[in-house]
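J.: My questions are about this predicted structure, shown below with the sequence.
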Amino acid sequence: MSYLNVLKRLKAADEVSAAEVKAILSMDHPSEGQVYPHLRGYLLSRFLLDDSVQTDDLKKLVSSSISKSLEISEGDLDVTDLSDRCISAPSVETKLALAMLKFEEALGIKVDVMERVSCVTVADYAGVVSRYL
């Protein structure tokens, strides 16, 4: 993929994620069910994934994104994790934490760290986020 195509893809992902945030912010006290599709869309766009990814597991979404970017299998990801391991966290956990923090910042909320780390699925996180809106 050429540099120009990468830039176009990243810009498109930014536009989609911004639209998902805007949709959530346009709702008055949205429920988990209202937040969920926009949160999922946000995460898929941030992770440069499409709707064909079927999992709702947050770490699996990130793992799919990283393995796709590195063009390796998800099974090889743990073995080849060459990150600097931010505070001893592997790339999957670091990328997930940063995406969640960016999402919360865009919404103007600050989720309790213990609630955030307890989320395993997109639905779990949508439920937590909806309580802060």
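T.: Good, I have the coordinates.
J.: what residue ranges in the protein score low on pLDDT?
T.: 1, 71-89 (pLDDT under 70).
J.: any idea which helix or strand carries the residue nearest the centre of it?
T.: Centroid check for the chain by CA atoms, centre = their mean gives residue 43 as the closest residue, at 3.3 Å. Assigned by DSSP states H and E, residue 43 belongs to helix 32-46.
J.: Return the list of helices and strands in contact with whichever helix or strand comes after that helix.
T.: Sequence order places helix 58-70 as the next helix or strand after helix 32-46, per DSSP H and E. The contact analysis (3 or more CB pairs under 8 Å, 6 or more residues apart in numbering; DSSP states H and E) places helix 58-70 against helix 32-46, helix 74-77, helix 91-107, helix 122-132. C-beta: built from backbone N, CA, C; applies to glycine.
J.: Go again with 6 Å.
T.: Packing contacts for helix 58-70, counted by 3 or more CB pairs under 6 Å, 6 or more residues apart in numbering; DSSP states H and E, involve helix 74-77, helix 91-107.
J.: what's the distance between residue 56 and residue 105?
T.: Distance, residue 56 to residue 105, by CB to CB, to the nearest Å: 23 Å.
J.: Just to check, residue 23 is in contact with residue 38?
T.: Yes - if you go by CB atoms under 6 Å, residue 23 and residue 38 touch, sitting 4.9 Å apart.
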